[in-house]
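Asker: Turn this into a model:
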Amino acid sequence: MGILEIHNLTKRFSGLVAVNDLSFSVNERSIHALIGPNGSGKTTTINMIDGVFAPTEGRIVFRGQDITGKPTYEISRAGLGRTFQNIKLFHTLTVKENLMVGGHMFYTKEGILKFLLDIRGTKQEEKRLAEEAERILELMHMQAVANHTVGGLPYGMLKMVELARTMMTAPKLILLDEPAAGLNPSERKKLMEILIRIYERGVALFLIEHNMDVVMNISHKITVINFGSKIAEGKPAQIQNNPEVIQAYLGDRYKKG
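Answerer: Numbering: from 1, shown residues only. Purely as a prediction, here's the structure:
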């Protein structure tokens, strides 16, 4: 059994079928990519996994637990993290402070009232959050920007900050929605290095991505969808040479001889 099991997932918006009877499995300790043309249902799929949308049909099982239709905060506390296409950061806070905000959900499980009234406990928690933020910044080689205000950072670094903040929730699996979008080649190379570093620390990754240099270089398995339905699945070399995938999405430039 994989860390994430998708069973016959379907999502309808009025008369539109955005995702149609989709099934796949994300293995433990793996990097799994979901690719396909624009409008093929990729982000809708992640939104159902993450609890943003309730599926019309089908089941989602994470770490052996049925999470279908559960609220996002419960899914996150179960160990499933996420980054977004549109970066969602606090631009007046520093990088380290943004990470600490991301960790509050993980540490403050006893309610906001206790957090506000228990001054000693609050200070201890802030210390733990600061230490964890420093550990993650070191893991991602971002110590140099720890005290920089987020609003003054370049776009590529903002992507890294959002990913680092997701790590503060101690995820077992991270959903990445186009993490390389808008990055130049050198930034994409750095992103790949960081993603592999996170994977090597025991975190599984599931990414939607249009930059095939990222997908083909780091993915262990790729699922391809078109018009909401799965058309292929396999290792990168298999996907690059699949005629249906070449016709629907990749084109001949990615085909391996």
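Asker: what mean pLDDT does stretch 229-239 have?
Answerer: Taken as a whole, stretch 229-239 carries a mean pLDDT of 95.
Asker: So what would you say the end-to-end distance of that stretch is?
Answerer: Chord length of stretch 229-239, first to last residue, is 16 Å (C-alpha to C-alpha, to the nearest Å).
Asker: What residues sit buried inside that stretch?
Answerer: 229-233, 236, 239 (16 or more other C-beta atoms under 10 Å). C-beta coordinates here come from the backbone N, C-alpha and C atoms, glycine included.
Asker: Tell me, how many residues neighbour the residue nearest to Phe90 when sequence neighbours are not counted?
Answerer: Counting by C-beta to C-beta, 6 or more residues apart in numbering, Asn98 is the residue found nearest to Phe90 once chain neighbours are left out, at 5.5 Å. For Asn98, the neighbour count with other C-beta atoms under 10 Å is 22.
Asker: and of the buried residues of stretch 229-239, the nearest to Leu173?
Answerer: Within those, distances to Leu173 taken as C-beta to C-beta reach their minimum at Glu233, with 18.1 Å.
Asker: Direction included, what does the strand or helix carrying that closest one pair up with?
Answerer: Assigning secondary structure by DSSP states H and E places Glu233 in strand 229-234. Here strand 229-234 is paired, per DSSP bridges, with strand 221-226 (antiparallel).
Asker: if you average pLDDT over the strand it pairs with, what comes out?
Answerer: Averaged over strand 221-226, pLDDT sits at 96.
Asker: One more: stretch 192-204?
Answerer: Per-region confidence: stretch 192-204 scores 95 on mean pLDDT.
Asker: buried stuff in it?
Answerer: Quick answer for stretch 192-204 (16+ other C-beta under 10 Å): 192, 194-195, 198-199, 203-204.
Asker: Next step: those restricted to helices.
Answerer: 192, 194-195, 198-199 (DSSP state H).
Asker: any idea which of the residues you listed is closest to Ile174?
Answerer: Closest to Ile174, out of all of these and judged by C-beta to C-beta, is Ile198, at 7.3 Å.
Asker: The closest one and Ile174 touch, don't they?
Answerer: Yes - the criterion here is C-beta atoms under 8 Å, and Ile198 meets it with Ile174 at 7.3 Å.
Asker: Find residues that contact each of those two.
Answerer: 163, 167, 205 (C-beta atoms under 8 Å, 6 or more residues apart in numbering).
Asker: Could you report the neighbour count for the first one?
Answerer: Just to be clear, that refers to Leu163. Other residues close to Leu163 by other C-beta under 10 Å number 21.
Asker: Run through the residues that contact it.
Answerer: Applying C-beta under 8 Å, 6+ apart, we find Leu163 in contact with 83, 140, 174, 176, 179, 194, 198.
Asker: How is the fourth one assigned, secondary-structure-wise?
Answerer: Okay, so that is Leu176. The three-state label given to Leu176 by DSSP: H, G, I helix; E, B strand; the rest coil is strand.
Asker: Bridged to it, which residues?
Answerer: Bridge pairing for Leu176 - DSSP bridges - gives Thr83, Leu207.
Asker: So which residues of the protein form strands?
Answerer: Assigned strands in the chain, in chain order: 4-13, 16-26, 31-35, 57-62, 65-66, 80-83, 173-177, 204-208, 221-226, 229-234 (criterion: DSSP state E).
Asker: neighbouring strands for the shortest one, and are they parallel or not?
Answerer: Looking back up the chat, that one is strand 65-66. If you go by DSSP bridges, strand 65-66 pairs up with strand 57-62 (antiparallel).
Asker: could you dump stretch 202-218 to PDB, C-alpha only?
Answerer: The C-alpha atoms that make up stretch 202-218 are tabulated as PDB, following Å, rounded to 0.1, in the frame of the first residue of the first chain:
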ATOM      1  CA  GLY A 202      12.100  10.700   4.500                       C
ATOM      2  CA  VAL A 203       9.400  13.000   3.100                       C
ATOM      3  CA  ALA A 204       7.400  11.800   0.000                       C
ATOM      4  CA  LEU A 205       6.700  14.300  -2.700                       C
ATOM      5  CA  PHE A 206       3.800  14.600  -5.100                       C
ATOM      6  CA  LEU A 207       4.200  17.400  -7.700                       C
ATOM      7  CA  ILE A 208       2.300  19.000 -10.500                       C
ATOM      8  CA  GLU A 209       4.800  20.600 -12.900                       C
ATOM      9  CA  HIS A 210       5.000  21.800 -16.500                       C
ATOM     10  CA  ASN A 211       8.800  22.100 -16.500                       C
ATOM     11  CA  MET A 212       9.900  18.700 -17.800                       C
ATOM     12  CA  ASP A 213      13.500  19.200 -16.900                       C
ATOM     13  CA  VAL A 214      12.400  19.100 -13.200                       C
ATOM     14  CA  VAL A 215       9.800  16.200 -13.700                       C
ATOM     15  CA  MET A 216      12.100  13.900 -15.700                       C
ATOM     16  CA  ASN A 217      15.200  14.400 -13.500                       C
ATOM     17  CA  ILE A 218      13.700  13.800 -10.100                       C
END
